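1. Give me the fold of what follows.
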Amino acid sequence: MERFFDPKSVVVVGASNTAFNLGATICNMLKDYLSYTGAVYAVNSKGEVVNGCPGYSSVLELPQAPDLAIIIVAARNVPGIIHDCAQKGIKRIIIESAGFSEGGETGEAMQCEMDDVARKNGIRIMGPNCLGTLSTRNKFCSFYGVNPSLVEMNQVFESPGTMSYIIQSGGVAVLVMESLYYDLIGINKVVSIGNKCDVDEADLIDYFQSDATEVIGIYLENIADGRKLMEAAARSRKPVLIYKVGKTKEGAMAAMSHTAGMANNDSIFDAACRQAGIIRLQSIDELHSLPKIFTEMPRLKGKRIAAFTNSGAFGSIAADLLVQAGLQMARLAPQTQERLKKAGQVFNIKNPVDIGPALPQTYLDIFEILLSADEVDGLLPLLSVWQTFVIDCLHELLKMCKHYDKPAAIYTPNAIAKSIAIRAKHKIPIFETSEQAVRALSVSHTYYASLRRRNLLYDAMLQDDADNRPIAEVVS
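-> Prediction:
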């Protein structure tokens, strides 16, 4: 799988000097922008050189079998090129061309022909109908049509992160990448898998277990092998977050026309996700808004949340949101309330804790009191940045969360643009809405609970081996 992300040589089949040629944009990205050091060949009908990349009229004419072939030509020409790749000994292929199983019987027949050649020759295929792969640490990208002059694209590669995405749609891949430009987490790898005739989301979940990925985000339009996916997710040591379309009949039909997605029983999928420990996302935005609760904070081990606000209205809002999310407003113990009284300038010592204009030490004292309380599992700070010292206090909060091994989902009730600017400049994991913050706490607890179930099952299996009892009896 690594050769899809870190090939030592590449051929772009379909790259030419024709105006607006998409294959040429891949050559330009690799050679001009990413300074890719491996050999890059161009294959086109004229055998012409493309942006300094040696040109050939056929894959069979290449001086070597490259690690990776990227194909972006008319669909009708792809099966023949796959045959040539097999003859040349190329074992990894990304097919970016569209018009296969999502395009009717003719396209489906062509895809079946390609699949057959690949299986017989030990070839792995990404796609068709995809953008392929991007790896920030290896500075490799097979995406077509990317403008290297974009400042945001520069940020993607200059600040490698730990978030990896598996996405059927190229458009959604671009959306989540652009959204993370302004968030805390950088990208490790992005894969656009399209019709996934061969390499699928389960293969990539397994692959991401052995690299710098910390969280796996997935966008799916269909699932061909549900058991394979659930087994891969269940053994994943990293959070798996999935947004899947097709909840409605109309959505399933739209997916069919896009990437040959087929309607799956949504309720069965939902139950399977819970069993496998998958976090099922409620909106496309959650693909980029939620991961920071996993990368920046400890797991939420219980449901009891203390809210802390410097604006009373947001305490009431928080209470509603927490209960609706299946979490609980923590009942603060008498000794905790007594400590809060001594913090000074506290309007309400019960949960939610509410303060007015206060000194920095008041904020720090309340953070410490709530996080150290046995009856509190996590914190929901809803603190308007009305003075710059609030930012300094939030930095201290991050340290306290690690010390007490309890998470805080931070929301600053300011204009979203202001909150985003503070997050970007000061590297604080701020959520853009109170709903996002509460949802983050909810998914953190869901993931922790799934880990506990997995560990209990594993311990039960060990115990079963030890005393020869049925697993069900040990678990009960």
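
2. sec struct for the closest residue to residue 198 other than its chain neighbours, please.
-> The shortest distance from residue 198 to any non-neighbouring residue, by Cβ to Cβ, 6 or more residues apart in numbering, is to residue 125 (4.1 Å). All C-beta atoms are positioned from the backbone trio N, CA, C, and that covers glycine. Here residue 125 is strand, with the state taken from DSSP: H, G, I helix; E, B strand; the rest coil.

3. buried sites along stretch 171-179?
-> 172, 173, 174, 175, 176, 177 (16 or more other Cβ atoms under 10 Å).

4. for residue 242, phi and psi?
-> Note on residue 242: backbone dihedrals following degrees, to the nearest 10 are phi -120, psi 130.

5. Just list the residues touching the closest residue to it other than its chain neighbours, thanks.
-> Counting by Cβ to Cβ, 6+ apart, residue 218 is the residue found nearest to residue 242 once chain neighbours are left out, at 4.5 Å. Residue 218 is in contact with 165, 166, 167, 201, 205, 240, 241, 242, 243, counting by Cβ atoms under 8 Å, 6 or more residues apart in numbering.

6. Centre of the chain to the helix or strand in which residue 218 is found, how far?
-> Assigned by DSSP states H and E, residue 218 falls within strand 215-220. On the basis of Cα atoms, centre = their mean, to the nearest Å, strand 215-220 sits 4 Å off its chain's mean C-alpha point.

7. With only the CA atoms kept, save the very next helix or strand once past that strand in CSV.
-> As assigned by DSSP H and E, the chain's next helix or strand after strand 215-220 is helix 226-235. Output of helix 226-235 as CSV, limited to C-alpha atoms (Å, rounded to 0.1, in the frame of the first residue of the first chain):
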residue,chain,number,x,y,z
GLY,A,226,-19.6,-4.5,5.3
ARG,A,227,-18.0,-7.3,7.2
LYS,A,228,-14.5,-6.4,6.0
LEU,A,229,-15.1,-2.8,7.0
MET,A,230,-16.4,-3.6,10.4
GLU,A,231,-13.6,-6.0,11.2
ALA,A,232,-11.0,-3.5,10.2
ALA,A,233,-12.6,-0.8,12.3
ALA,A,234,-13.0,-3.1,15.3
ARG,A,235,-9.3,-3.9,15.3
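
8. And helix 226-235, what's buried?
-> 228, 229, 230, 232, 233, 234.

9. Compile those residues into CSV and extend it with columns for pLDDT and distance to residue 433.
-> Compiled in CSV, the buried residues of helix 226-235 are given as follows (pLDDT from 0 to 100; distance: Cβ to Cβ, whole Å):
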residue, pLDDT, distance to residue 433
228, 96, 35
229, 97, 30
230, 96, 31
232, 97, 32
233, 97, 28
234, 95, 31
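
10. Adding distance to residue 93, write those residues out as JSON lines.
-> Formatted as JSON lines, these follow (distance: Cβ to Cβ, whole Å):
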{"residue": "228", "distance to residue 93": "21"}
{"residue": "229", "distance to residue 93": "23"}
{"residue": "230", "distance to residue 93": "27"}
{"residue": "232", "distance to residue 93": "22"}
{"residue": "233", "distance to residue 93": "26"}
{"residue": "234", "distance to residue 93": "30"}
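
11. Among the contacts of residue 218, name the buried ones.
-> Applying 16+ other Cβ under 10 Å to those flags 165, 166, 167, 201, 205, 240, 241, 242, 243 as buried.

12. Mind picking the one among the residues you listed that's closest to residue 310?
-> residue 241 (31.4 Å; Cβ to Cβ).

13. Which strands border the helix or strand in which the closest one is found, and is each parallel or antiparallel?
-> Assignment of secondary structure by DSSP H and E places residue 241 within strand 240-244. Using DSSP bridges, the strands paired with strand 240-244 are strand 215-220 (parallel), strand 279-280 (parallel).

14. from the middle of its chain, how far away would that strand be?
-> The answer for strand 240-244 is 8 Å, by Cα atoms, centre = their mean.

15. same deal with stretch 215-222?
-> Using Cα atoms, centre = their mean, the offset of stretch 215-222 from its chain centre is 7 Å.

16. Nearest the middle, which residue of the chain would you pick?
-> Residue closest to the mean C-alpha point of the chain, counted by Cα atoms, centre = their mean, is residue 217 at 2.4 Å.

17. hang on, that residue packs against residue 208?
-> No. Counting by Cβ atoms under 8 Å, residue 217 sits too far from residue 208 to count as a contact (10.5 Å).

18. what do these two both touch?
-> residue 164.

19. And the helices in the stretch 51-200 of the chain, which stretches?
-> Ranges of helices in the stretch 51-200 of the chain, per DSSP state H, counting those that start in this stretch, are 78-88, 105-121, 151-158, 170-180.

20. any idea which of the ones you listed scores lowest on pLDDT?
-> Across these, helix 151-158 has the smallest mean pLDDT, namely a mean of 80.

21. what comes into contact with that helix?
-> Contacts for helix 151-158 (Cβ under 8 Å, 6+ apart): 33, 34, 134, 136, 139, 146, 147, 177, 178, 181, 186, 187.

22. Dump those residues into TSV; add distance to residue 158 as well.
-> TSV is the format used below for these (distance: Cβ to Cβ, whole Å):
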residue	distance to residue 158
33	12
34	11
134	14
136	8
139	10
146	15
147	16
177	14
178	16
181	11
186	9
187	11
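
23. And the residues you listed, which of them are buried?
-> 33, 34, 134, 136, 139, 146, 177, 181, 186, 187.

24. Just give the closest residue to the fifth one, not the sequence neighbours.
-> Of all residues beyond its chain neighbours, the one nearest residue 139 is residue 34 (4.6 Å), with distances taken as Cβ to Cβ, 6+ apart.

25. was I right about that neighbour contacting residue 137?
-> No. Using Cβ under 8 Å, residue 34 is not in contact with residue 137; the gap is 11.9 Å.

26. correct me, but residue 16 touches residue 25?
-> No. Applying Cβ under 8 Å as the test, residue 16 and residue 25 come out as separate, 11.3 Å apart.

27. hang on, the earlier thing: so how far is residue 166 from the residue nearest to residue 198?
-> Here the criterion is Cβ to Cβ, to the nearest Å. By it, residue 125 lies 15 Å from residue 166.

28. Show me the protein divided up by domain.
-> For the chain, automatic domain parsing gives the domain ranges 1-128, 161-295, 297-445.

29. weakest of the ones you listed by average pLDDT?
-> domain 161-295 (a mean of 88).

30. end to end, how far does that domain reach?
-> 10 Å (Cα to Cα, to the nearest Å).

31. Same check on stretch 268-288?
-> First-to-last residue span, stretch 268-288, Cα to Cα: 25 Å.

32. Return the distance of that stretch from the chain's centre.
-> With Cα atoms, centre = their mean, you get 12 Å for stretch 268-288.

33. can you list the residues that contact that stretch?
-> 165, 172, 175-176, 179-180, 183, 217, 219, 223, 226, 229-231, 233-234, 236, 239-244, 290, 436, 439, 443, 446-447, 450-451, 453-454.
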